[in-house]
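**Student:** Here is a sequence together with a model predicted from it:
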Amino acid sequence: MNTEDLKTQFELAVKLQQQKQLPQAIALYEKLRPALQNHLGLNMNLGQAYFDNANFEKALKAFEKSCHINPNLELAKQKTAYTQIKLGQFEKALQVFQNSNLKDPENQIGLSLTLKHLGRWLDSLKVLDDVLKAHPQHFEALANKATLYRMIGEPEKALAFCDQALSQQPQNAELHFNRGLNLLLLEQWQPGWDEIEWRLKTPNYQNLVLPGIKKWNGEPLANKHLLFICEQGLAEEILHASLIPDLQNQNAQITILCDTRLCVIFERSFKGIKAIARDQNAHQKISESASDFDFQTPAMSAFRFLRKSETDFPKRLSYLVANEEKTKAVKTRYFDPKAKMHIGISWKSSSTTRFDANASIRKQVSTTLNDWLPVLKTPGIRWINLQYGDCQNEIDTFKKEHGITIFNDKEIDPLKDLEASFAQMAGLDLSLGIQSAPSMMTGALGIPTWVAVNKQCAAVFGNKAENPLLMPSMRLFRQKEFGEWASVFNQISKSLKAF
C-alpha cells in the first residue's frame, strides 16, 4: 500500500471512529498498524477506540505505545493512567499521574480519582481542593467532592457541593442520585427518595424498568398484580424485601424478581408471592407475560410511597423465615449446651469479580479478626463463623495467636447455599458484623444484630441513629472519627458483657 493509500485509509478509519462505528474503525486501524506502527496519531486513535469499546487491555497497549513514541506527550500519559484505572491498576496509575503535569486540572482529577480508588479519601479531597483554588467552578471537582464528603460521613458538606455542581448541570442524574443518598443520611426521607429516583437515568440503573409494564406510582394495589424488582447486591435485596409485607397488606398479588439464591426464602417468608430468579432469561420470560402484570416497581422506587416519613416505618423485628428443620439440624450438630451464648461473627466485605469498582469502599467497611479481639475475648461464648469466602486460614491463625476458637462449618457455603446460611443464623443468640450481607440476613430474621459501622454508613440507615428505622433488630456502633475502629470495638465489648 503506497503512502497516498495509507493516508486515504487512515482518514477513513478516523471518519468511522467519529461516526461511532468502533469495530469497523478498529479493524481498519489494525490493518494499517504494521505499516504505521510508529505513527502517533494511529496509536492514540486506536487506543481511544478500544477504550470507548470497553476493551481496556488493548487500549492500554496502544496508549503505552504512544508514550514510547513520544514520552513527553501529556495526553498519552493521561490516557494511559485513566485506562489503568479502568483495569484496577491503581498503583501504576498513581505513579503516572504523580509524574505528569499537575498544573493540568485533568491530571489532578485523575490523581484524585486514583487516590479515591486506593482508599486514600482524605488525600483525594486535598487534590480536589487544589483544583478548586485555581478553578473555583470546575464541575468534576465539585461533583467528586460531593461524592467524597458522603463517603467520609459528612452529608451536609456533600449536599452543598452537589448543589454547586447541579447549578451547572441541573439535569445530571448521577448528582441527583448522590444528593438523594445524602438526604437519606440526614433522614429527610421524602425528598431523599424523590432524588433517588434519578438513578433510573444513570447507566447502572437505566435498564431496571422493564418495557411493556406500567410503573407503579402509588396507585391502590387491591387485586392488582405487581412485579417487585430487587436492586443492587444481595444485602440490598434482603433489606428492600422489608417492603413486601406492606404491599401484601394492600391485597396485591406480588411477583419478586430477585437473586436466584433468595427465591425459596422469599416464597417461604411471604406466603402467596412468586419469586422469579434473576438469570439471563428472566427479562425475556417476564416480557412474554407482560400483560399479566398491572404494575412494576424497582424496589427503591417503592420506598417513595411506603416510607415517606418516620411514622411510616413499622417496628417489624423480622420478616424472613429460615427452614425450621435445617435450623434444628444445625443446632444438633454443633451448638454447645454449655455455652452461655452462640454468637455469629463476620468481619469483612469482599468481591468475587476481577475488578471490583467498590474495592476502596469495601476496604473502609471491612475489619480484621484482630480488630475484634476485645470482643472475642469475652468468656463463655461459642463463636460461629458467618463470613463468606475462604477464611479458614485467618481463623486458624487467629486461634494460634490468641487461643480463641471460631467454629467454621465447612458444609455451609454462604455464597451458594443461602438456605443453609439462614438456617445456621436462625439458631444464634446474637450476630456481630459489619455492613454486609450476613448482618442483613440476621437482621431480617430478627436475630439481635450488632454492626460495626464506618463513617460511610449505608444511606438508608441514616447518619446518627443507633437503631435504624429500616432494620429495628439492628444496633449500630459507629466510628467517631474517620478510619478509627478501636473505640467501636471497645464499646461492643462493654455492651456484650452487659447483654
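**Tutor:** All right, it came through fine. Residues are numbered from 1 along each chain as shown.

**Student:** And the next helix or strand past the element among helices and strands of the chain having the smallest mean pLDDT?
**Tutor:** Counting by mean pLDDT, DSSP states H and E, the chain has its least confident helix or strand at helix 359-365, which shows a mean of 72. Counting by DSSP states H and E, the element after helix 359-365 in chain order, helix or strand, is helix 373-376.

**Student:** ok, residues contacting that following helix?
**Tutor:** 345, 369, 383, 402, 404, 406, 432, 489-490, 492-493, 496 (CB atoms under 8 Å, 6 or more residues apart in numbering). For every residue, glycine as well, the C-beta is placed using N, CA and C.

**Student:** okay, these in a markdown table with secondary structure and pLDDT next?
**Tutor:** Formatted as a markdown table, the contacts of helix 373-376 follow (DSSP: H, G, I helix; E, B strand; the rest coil; pLDDT from 0 to 100):
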| residue | secondary structure | pLDDT |
| --- | --- | --- |
| Ile345 | strand | 97 |
| Leu369 | coil | 95 |
| Trp383 | strand | 97 |
| His402 | helix | 97 |
| Ile404 | coil | 97 |
| Ile406 | strand | 96 |
| Leu432 | strand | 98 |
| Phe489 | helix | 96 |
| Asn490 | helix | 95 |
| Ile492 | helix | 97 |
| Ser493 | helix | 96 |
| Leu496 | helix | 96 |
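
**Student:** which of those residues tops the neighbour count?
**Tutor:** Counting neighbours by other CB atoms under 10 Å, Leu432 leads the contacts of helix 373-376 with 27 neighbours.

**Student:** quick one: low-confidence parts of the chain?
**Tutor:** 350-360, 362 (pLDDT under 70).

**Student:** now the strands: where do they sit in this protein?
**Tutor:** Listed in chain order, the strands of the chain (DSSP state E) span 225-229, 253-258, 274-277, 295-298, 341-345, 381-385, 406-407, 430-433, 449-453, 474-478.

**Student:** Nearest to Gln98 among those strands would be which one?
**Tutor:** strand 449-453 (33.0 Å; CB to CB).

**Student:** so what does that closest one touch, helix or strand wise?
**Tutor:** The criterion is 3 or more CB pairs under 8 Å, 6 or more residues apart in numbering; DSSP states H and E, and the helices and strands that strand 449-453 contacts are strand 430-433, helix 437-445, strand 474-478, helix 486-498.

**Student:** any chance of the strands of the chain in JSON lines, plus distance to Lys7?
**Tutor:** Shown next, in JSON lines, are the strands of the chain (distance: least, CB to CB, whole Å):
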{"stretch": "strand 225-229", "distance to Lys7": "52"}
{"stretch": "strand 253-258", "distance to Lys7": "54"}
{"stretch": "strand 274-277", "distance to Lys7": "55"}
{"stretch": "strand 295-298", "distance to Lys7": "51"}
{"stretch": "strand 341-345", "distance to Lys7": "67"}
{"stretch": "strand 381-385", "distance to Lys7": "66"}
{"stretch": "strand 406-407", "distance to Lys7": "69"}
{"stretch": "strand 430-433", "distance to Lys7": "63"}
{"stretch": "strand 449-453", "distance to Lys7": "61"}
{"stretch": "strand 474-478", "distance to Lys7": "64"}
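
**Student:** now for those, which one comes closest to Asp413?
**Tutor:** strand 381-385 (12.0 Å).

**Student:** contacts for that closest one?
**Tutor:** With contact meaning CB under 8 Å, 6+ apart, strand 381-385 is reached by 335-336, 339-346, 376, 391, 395, 404-409, 424, 428.

**Student:** go with 6 Å
**Tutor:** 336, 339, 341-345, 406-408 (CB atoms under 6 Å, 6 or more residues apart in numbering).

**Student:** of all the residues you listed, which two lie farthest apart?
**Tutor:** Greatest spatial distance among these (CB to CB): Met341 and Asn408, at 18.0 Å.

**Student:** Would you list the buried entries among the contacts of strand 381-385?
**Tutor:** Among the contacts of strand 381-385, the ones that count as buried by 16 or more other CB atoms under 10 Å are 342-345, 406, 408.

**Student:** Dump the residues you listed to TSV, plus distance to Leu181.
**Tutor:** Output for the buried ones among the contacts of strand 381-385, formatted as TSV (distance: CB to CB, whole Å):
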residue	distance to Leu181
His342	36
Ile343	32
Gly344	29
Ile345	29
Ile406	34
Asn408	35
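
**Student:** and which of the residues you listed is nearest Ser301?
**Tutor:** Using CB to CB, the buried ones among the contacts of strand 381-385 come closest to Ser301 at Gly344, 32.4 Å.
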